[in-house]
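Student: Would you be able to build a 3D model of this:
(one chain, ligands or ions: 1)
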Amino acid sequence: MGIGATAGVAAIGGVALTANASSDSGSSSSSSSDSLVFDPDAYTKLTTTVTDTNDKDHTVVYHFWKAITYVAEPVDATYQSLVVSVPVEIDGKAVDASDAPILLANSVGGYMPSSVATATGVGAGGMSGGGAAPSGAPTGGAAPSASASTASNANGNTNATGGATAGNQLLALAAGYVVIEPGARGRTLKNSDGEYYGTAPAAIVDLKAAVRYIRSNKGRIPGDVERIVSAGTSAGGALSSLLGASGDSPAYDKYLKEIGAADASDAIFATGAWCPITDLEHADGAYEWNWGGNDLSTGKLVDQTVSKALQAQFAEYQAGLKLRGLGGFGPLNARNLDTYLVKQYLEPSATTYLAALSDSARATYLKANTFITWSGGKATFTWADFLTHVGARKKDAPAFDAFDLSAGENNEFGAGTTLARHFTAYGAKNDSTGLTTKRVASDIPAKLDLMNPMHHLVGKANPNRSKHWWIRLGTKDSDTSLTVAANLAARLGDLGDDVNHLYYWDEGHGANTDPGDFITWIAQVTNHRGPKNK
Ligand code: DHB
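Tutor: Alright, predicted model coming up:
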C-alpha cells in the first residue's frame, strides 16, 4: 500500500525542511518478512527548533523516516505504520543517537484510530493522531500549563497546544533520544463488509507489532532497542501501561501472527502513562466510588441505585486485589482509599502547587479555596472537600459500560459487524438496547485479559513486564476514577518495580505539566549519559 508521498523540499511554518535522501519505504506490497527490514538510508533531513522547559531554544537537525509499515500483512497500513526521528545535530554539535533510548510515543486518543501515514516530521501525532481527527472522540483537552514546547515542528504545528505527547517527543529529540511514533488501528474502523477491524485487541496488537519491528531491526534502526520507553495519554496511556505490563505475553501471539508481525520480543524497558483510561471492566464501580456523590454538569446526581450497586461491586473488587498502598500505607480497601489518595497523592500535589506560587498568588488561591489548610508549608484537606472542589463529574452512570451501549468503550468491545457490546455483567444485565441474553458475549473475558494491564500484574505477575513506570494524572480529571492510576501504581510498588507517580494539582484530562522531568527520568532509568557528541 502506498503511503503519504511527501514533498522533498519545503519550508513549512518557517521551518526549513531539507531533502537529503528520498525514501520509498511505504511502497512495498510484499507480504514477505523482507518488507520488515528497516532501511537506514531512507530518511529525509529536517531541522526544527525545540523550546525547552526553561524557555531556551535548541536547534535540532534530525533524520526523519516517513511512514513505514511495521507488519508484513497489514490490515490497514494507514494505521499500522510508524515514523522515526533521529537527532544528528543539536545546537550545532553533531550527535550520535545510535545507542540512545528510544521514546515510543503513541498518539491514541479515545481508543480511536491513530495514523502517522502523512506525517512529515516529528511530533505528528497529537491526541488524535496525525490523521483524521476522530469525530465524537474525547478531545483530551490537553492544554499543558507548563509549556512543553512552543516550537513549530516540521508539520508547522505548534506543539504547545498539540497535546502531552507532542511535548515529550520534541523534548526527547532535543535530549538526543530516538523518537518513534506508531499509528494503530482504532475502534471506529469498518471495512466494506461492515466489519469493525480496529476494536479490541487491535490497538495493543499493533503497538506490540511496532515494538517487534523495532527490536527485529536492532543494528539497523538507530537507538538502543533494549531501552524502549513507551508513552501515551488517556486511551494511549492505557495502551502504554498495557504494553509495559504485557511484554512477551503469549496471549497475543495468534493476533501478531495474523498481521505478520516481526519475530522478536515485544517487551519494553520503561513505561510512561498519563491519565490511563484502563481497568475498564472495573472502571464503572471505581467511578461511582470516586465521583458517585458529585453532580453531573446539569446539576443532577446520577441514578443513585445504579451508583450504589456499582460502588458495592467496586468494594468487592478492591478487596480482592489485596493491594498495599505505596509509602508503607498498608492494605488498601474501599473504606481507606479516600485517605490513601489524600495522603499519598492529593495533599502532596496541592503542596507542590502552592509552594511554587508567589506569596501573594498563594494567598489569593487559599482565599478562594478555604477548604485547604496551609500550615508549615503543607496543604491539608478532607476528601469530601476535595470532591466538592473538583465539582461536576464528566460522565453519567455507568461511565464506561453504558446501558444503551453509547460509550466509546462499548464500541471498543464491538466485534464483527457489531458496533458496540457490553463488557460487564452489570451492563449486560441492565441493557436497554434489546440484548435478549442479558449476558456478555463469550469472547469478552478473553478480550478483557488482552486489554487490561492489571490482568498481567495481579496474581502471578508477568516477569517480562517493564520495571520502570512513570504515571501521571490531573486531580480534576473525572474521565475515570482517581483510583485507577493509584491501583496500578500500588500493584507495581508491591511487585518491587520502580514507580514514579504524581498527580498534577487542579489539572484536567490529558495534562502533562512536567515533561522535562520525564525526559530526565528516561536518562536516569536507562543510564543514558546525555547526547554522545561525534
Ligand atoms: C479517552 C477519554 C475517555 O473519557 C475515555 O473514556 C476513553 C479515552 C481519551 O481521551 O483517550
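Student: can you give me the helices in the stretch 301-450 of the chain?
Tutor: Assigned helices in the stretch 301-450 of the chain, in chain order: 304-321, 337-340, 347-355, 359-368, 383-390, 408-412, 425-429, 444-451 (criterion: DSSP state H, counting those that start in this stretch).
Student: can you redo those helices as CSV with mean pLDDT, distance to the ligand and mean neighbour count?
Tutor: Where you see a C-beta, it was placed from the backbone N, CA and C, and this is true even at glycine. Converted to CSV, those look like this (pLDDT from 0 to 100; distance: least, Cβ to the nearest ligand atom, whole Å; neighbours: other Cβ atoms under 10 Å):
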stretch, mean pLDDT, distance to the ligand, mean neighbour count
helix 304-321, 98, 16, 17
helix 337-340, 98, 21, 20
helix 347-355, 98, 21, 18
helix 359-368, 98, 28, 11
helix 383-390, 98, 15, 15
helix 408-412, 98, 5, 25
helix 425-429, 98, 14, 19
helix 444-451, 98, 12, 18
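Student: For this protein, what lies in contact range of the ligand?
Tutor: Residues of the chain lying close to the ligand by Cβ under 6 Å from any ligand atom are 109-111, 138, 140, 234-235, 277, 408-409, 479.
Student: Residue 247 against residue 265, yeah?
Tutor: Yes: counting by Cβ atoms under 8 Å, residue 265 is a contact partner of residue 247 at 7.3 Å.
Student: Of the helices of the stretch 301-450 of the chain, which is nearest residue 51?
Tutor: Among the helices of the stretch 301-450 of the chain, helix 347-355 comes nearest to residue 51, with 23.0 Å by Cβ to Cβ.
Student: Tell me which of residue 247 and residue 265 has more neighbours.
Tutor: Between residue 247 and residue 265, residue 247 has the larger neighbour count (other Cβ atoms under 10 Å), namely 22 against 17.
Student: ok, now how distant is that one from residue 39?
Tutor: 27 Å (Cβ to Cβ, to the nearest Å).
Student: With distance to residue 201 added, can I get the helices of the stretch 301-450 of the chain in CSV?
Tutor: CSV is the format used below for the helices of the stretch 301-450 of the chain (distance: least, Cβ to Cβ, whole Å):
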stretch, distance to residue 201
helix 304-321, 22
helix 337-340, 29
helix 347-355, 33
helix 359-368, 44
helix 383-390, 33
helix 408-412, 10
helix 425-429, 19
helix 444-451, 4
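Student: among those, which is nearest residue 211?
Tutor: Closest of those to residue 211 is helix 444-451, at 15.5 Å (criterion: Cβ to Cβ).
Student: helices or strands next to the closest one in the packing?
Tutor: helix 280-291 (3 or more Cβ pairs under 8 Å, 6 or more residues apart in numbering; DSSP states H and E).
Student: average pLDDT across the helix it packs on?
Tutor: In this model, helix 280-291 has a mean pLDDT of 98.
Student: Which strands and helices lie in contact with it?
Tutor: Counting contacts by 3+ Cβ pairs under 8 Å, 6+ apart, helix 280-291 packs against helix 304-321, helix 444-451, helix 482-494.
Student: quick one: contacts of the first one?
Tutor: Under the criterion Cβ atoms under 8 Å, 6 or more residues apart in numbering, residues 282, 284-289, 292, 301, 332-335, 337, 397-398, 426, 430, 454, 458, 483, 487, 491 lie in contact with helix 304-321.
Student: The residue of the chain found nearest the ligand - how many residues pack around it?
Tutor: Per Cβ to the nearest ligand atom, residue 234 is where the chain lies closest to the ligand, at 3.0 Å. Residues lying near residue 234 (other Cβ under 10 Å) number 32.
Student: how about low-confidence regions in the stretch 151-300 of the chain?
Tutor: Along the stretch 151-300 of the chain, segments meeting pLDDT under 70 span 151-166.
Student: switch to 90 and redo it
Tutor: Applying pLDDT under 90 to the stretch 151-300 of the chain flags residues 151-167.
Student: Would you map the helices across it?
Tutor: When assigned using DSSP H, counting those that start in this stretch, the helices of the stretch 151-300 of the chain occupy the ranges 164-174, 202-216, 235-245, 253-258, 280-291.
Student: Among those helices, which comes closest to residue 467?
Tutor: Nearest of the helices of the stretch 151-300 of the chain to residue 467, taken as Cβ to Cβ: helix 235-245 at 9.0 Å.
Student: Check which helices and strands that closest one is in contact with.
Tutor: Applying 3+ Cβ pairs under 8 Å, 6+ apart, we find helix 235-245 packed against helix 202-216, strand 228-233, strand 270-274, strand 468-474.
Student: Would you list the buried entries among the contacts of helix 304-321?
Tutor: 282, 284-289, 292, 332, 334, 337, 397-398, 426, 430, 454, 458, 483, 487, 491 (16 or more other Cβ atoms under 10 Å).
Student: need the helices for the stretch 1-150 of the chain, in chain order.
Tutor: Using DSSP H, counting those that start in this stretch, helices in the stretch 1-150 of the chain do not occur.
Student: Quick one: the helices and strands packed on helix 280-291 as a markdown table, columns for distance to residue 216 too.
Tutor: Shown next, in a markdown table, are the helices and strands packed on helix 280-291 (distance: least, Cβ to Cβ, whole Å):
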| stretch | distance to residue 216 |
| --- | --- |
| helix 304-321 | 36 |
| helix 444-451 | 22 |
| helix 482-494 | 28 |
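Student: Minimum distance to residue 350: which of those helices has it?
Tutor: Nearest to residue 350, of all the helices and strands packed on helix 280-291, is helix 482-494, at 13.6 Å by Cβ to Cβ.
Student: For the closest one, report the contacting residues that lie outside it.
Tutor: 241, 273, 275-279, 283, 286, 289-290, 318, 321, 323-326, 332, 337, 340-341, 344-345, 453-454, 457-458, 469, 471-473, 475, 499, 501, 503.
Student: Got a ChimeraX select line for the buried ones in those residues?
Tutor: Selection of buried members from the contacts of helix 482-494 for ChimeraX, criterion 16+ other Cβ under 10 Å:
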select :241,273,275,276,277,278,279,283,286,289,290,318,321,323,325,326,332,337,340,341,344,345,453,454,457,458,469,471,472,473,475,499,501,503
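Student: what angle separates the longest strand seen in the chain from helix 164-174?
Tutor: Determined from DSSP state E, the single longest strand within the chain is strand 57-69. Angle, strand 57-69 to helix 164-174, by axes from the mean of the first three to the mean of the last three Cα atoms, to 10 degrees: 110 degrees.
Student: Now do the buried residues in strand 57-69.
Tutor: 58, 60-69.
Student: Repeat that for stretch 94-106.
Tutor: Going by neighbour count (16+ other Cβ under 10 Å), the buried part of stretch 94-106 is 95, 97, 100-106.
Student: how far does stretch 261-276 stretch from start to finish?
Tutor: 26 Å (Cα to Cα, to the nearest Å).
Student: ugh, wrong one, stretch 98-118
Tutor: Start-to-end, stretch 98-118 (Cα to Cα) is 26 Å.
Student: I'd assumed residue 111 was in contact with the residue of the chain closest to the ligand.
Tutor: No: counting by Cβ under 8 Å, residue 234 stays clear of residue 111, with 9.1 Å between them.
Student: so what pLDDT did the closest residue to residue 388 other than its chain neighbours get?
Tutor: Leaving aside its chain neighbours, residue 388 sits nearest to residue 371 (7.2 Å; criterion: Cβ to Cβ, 6 or more residues apart in numbering). pLDDT, residue 371: 98.
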